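Asks: missing the sequence, but the structure's below:
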DNA sequence: CAATCACAGTTAAGCGATTAACTATTGGTT
DNA sequence: AACCAATAGTTAATCGCTTAACTGTGATTG
């Protein structure tokens, strides 16, 4: 595999000159540029990134950190769409993506993650940070890796979806359709700050609506199986419910399934709404009314923010507005 | 950030000794091991992987190559589960995963990919290789990166799901339930070798069953929207159909949706079967009869194969057996 | 008892780029 | 004509680690 040296020899110049030409650092003539470029082409030279990383610290690798805290990472389409957004801008800018899925032991990231942070491999980092107890982006920052938080953990550089507003939007819609007997399938709040916000948003609307009904809330685990179980319980214990809100689509789809199993028709007998707008939400029966978090935009925004930082700018945080997607799983209540 | 030098100084030995201790290369005493380890601990030393990569060629990075050919990568849960399997064994063995999503121009991988292959970053590579015209693993191999093919493209080291058998299993099941009027939603065969195999498997069963019915096949694009359109067409043009087979679950779910829209009840009026057993397949109404490809196992097997290669072994190829998952979307035909 | 060997550790030469500091040439100003 | 700035290119140090080649012990052995 040809090296800079080889190129220099072939072009009849020094390695420094080759390096300059390739990085477009001023002070060389058009003639040498051509000599160098020809040599590069003829030899099929490609820079050794490991060497470049060592000598300049520029590795062209950014780490995408998806903490392996609950099952979410590899089962949640939302995560994939975020990755899609990140990938799009990174690839376009010539960056590679290193996928890191750290585990947590005693509220500390595992050693593999810490090693990675100090490996010299990573030029920047984007971490989904939605648990209370730890911020993976902050660990990055502490190891001098420019980092951006994707989520609700506080951090200097941050991109997040306005989950408060999303919760608000959803609950407002539900109330506006005349529903008063509402059941909620959520998750343990300490598990996830985004969900906390979502719940706060819903609560905010309820507090201002002077409902005389105490909403039953059941805590589950994000999975569709969890949704089935929780919805069954909810429907059994609260036959008065006219709508079930699940804090994500997978559980909402579980609720659909549970209702079906109990011979309840959705949305005629019971309405169901979700959150996320995963691709499947548009093909369930009935199609799911939900909130679109714009995951691809979230991914893109976080990558753009990071790249700006790497270019020495001081970009400001960005919050992405969620959007209500009205489909057929919720019927107005008379 | 402390370096090997710092550790050596602190432990009162040479850098070579430190390196030996850390890599467990023979010939040092227990006493020095302790001195070194203490120094490592006290300084919080972590090796600089970029330096290690440069000097030894071991980077601890393996590339996972998901070609960006159709929309699949970020929308197909199957891909994520494969990644889950790869991640599990790589992380356990201390390897990091670099995600590469090369595009194809004129049947050649884009330059970004070629640069990556020669970057010196990559110790090994796993590529999903299911298109006829190009093998990403082979490009890796040609650049001296040990590679494994995940899919049906021929290659020295290879892991794949037995799609022929999967197709066979599925069609046998359909026929065994008495169905004779069968419609198929597939994709353009040149798009995907795995699908070709799947179709061959189905065809094999049909050829040996002496059906007097010429199965209509419609070509779509893997998406659930595509499934909706294709199923509508199929059901309109072939009202005699008693079952629709889609070559993936997303299209099958689309078919479910299309049937519903046409006021056909599944499975009473029309049966639907899919392929993949994505998580959602267990929560549709009715639950989807399908084939499980064991994506996590596929991922694990390919990672294990690669790691064996990196350890100098000459492992043999592995094929994973698919499994028929019988649920409720197909009813016996009288 | 001399030769051999296993062990413990050191020295120093890379790996392939980047880049600060330097030299040499040219052209423009005053 | 003298000086300076801009341009074009080179030299060599450096990044942090690995590893081949080497030195110096003491124990083993024929």
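Replies: Structure received. All values derive from a computational prediction rather than experimental measurement. Numbering: from 1, shown residues only, chains lettered A, B, ... in the order given.
Asks: The closest residue in space to residue A:232 that isn't next to it in sequence: neighbour count?
Replies: Excluding the flanking residues, the one nearest residue A:232 by Cβ to Cβ, 6 or more residues apart in numbering or on different chains is residue A:258, at 4.7 Å. For glycine as for every other residue, the C-beta is placed from the backbone atoms N, C-alpha and C. When counting by other Cβ atoms under 10 Å in any protein chain shown, one arrives at 26 neighbours for residue A:258.
Asks: Next, the buried residues of the host helix or strand of residue A:258.
Replies: If you go by DSSP states H and E, residue A:258 is part of helix A:249-261. Neighbour counts over helix A:249-261 (16 or more other Cβ atoms under 10 Å in any protein chain shown) mark A:249-260 as buried.
Asks: for stretch A:212-219, same thing?
Replies: A:215-218.
Asks: in chain A, which helix or strand is least confident?
Replies: helix A:72-75 (a mean of 79; mean pLDDT, DSSP states H and E).
Asks: returning to what we had before: which other helices and strands contact the helix holding residue A:258?
Replies: Applying 3 or more Cβ pairs under 8 Å, 6 or more residues apart in numbering or on different chains; DSSP states H and E, one finds that helix A:249-261 contacts strand A:182-187, helix A:224-237, strand A:243-246, strand A:271-273.
Asks: Helix A:224-237 and that one, what's the angle between them?
Replies: Here helix A:249-261 runs at an angle of 50 degrees relative to helix A:224-237 (axes from the mean of the first three to the mean of the last three Cα atoms, to 10 degrees).
Asks: what's the neighbour count on residue A:1?
Replies: 12.
Asks: Ok, the one 3 residues further on next?
Replies: Other residues within reach of residue A:4, judged by other Cβ under 10 Å, total 19.
Asks: How about it: what's its closest non-neighbour residue?
Replies: Nearest non-adjacent residue to residue A:4, counting by Cβ to Cβ, 6+ apart: residue A:15, 4.9 Å away.
Asks: Can you give me the distance of that neighbour to residue B:114?
Replies: Going from residue A:15 to residue B:114 by Cβ to Cβ, to the nearest Å gives 22 Å.
Asks: repeat for residue A:318
Replies: 34 Å.
Asks: which residues sit against the strand or helix carrying residue A:202?
Replies: If you go by DSSP H and E, residue A:202 is part of helix A:193-207. Helix A:193-207 has contacts (Cβ atoms under 8 Å, 6 or more residues apart in numbering or on different chains) with A:130-132, A:151-153, A:160-172, A:175, A:184, A:186-187, A:189, A:215, A:245, A:247, A:275.
Asks: one step back: could I get the pLDDT score of the residue nearest to residue A:232?
Replies: On the pLDDT scale, residue A:258 is placed at 94.
Asks: what's it in contact with, if anything?
Replies: Counting by Cβ under 8 Å, 6+ apart, residue A:258 touches A:227-229, A:231-232, A:235.
Asks: try it again with 6 Å
Replies: Neighbour list for residue A:258: A:228, A:231-232 [criterion: Cβ atoms under 6 Å, 6 or more residues apart in numbering or on different chains].
Asks: do the same with residue A:308
Replies: Residues near residue A:308 by Cβ under 6 Å, 6+ apart: residue A:315.
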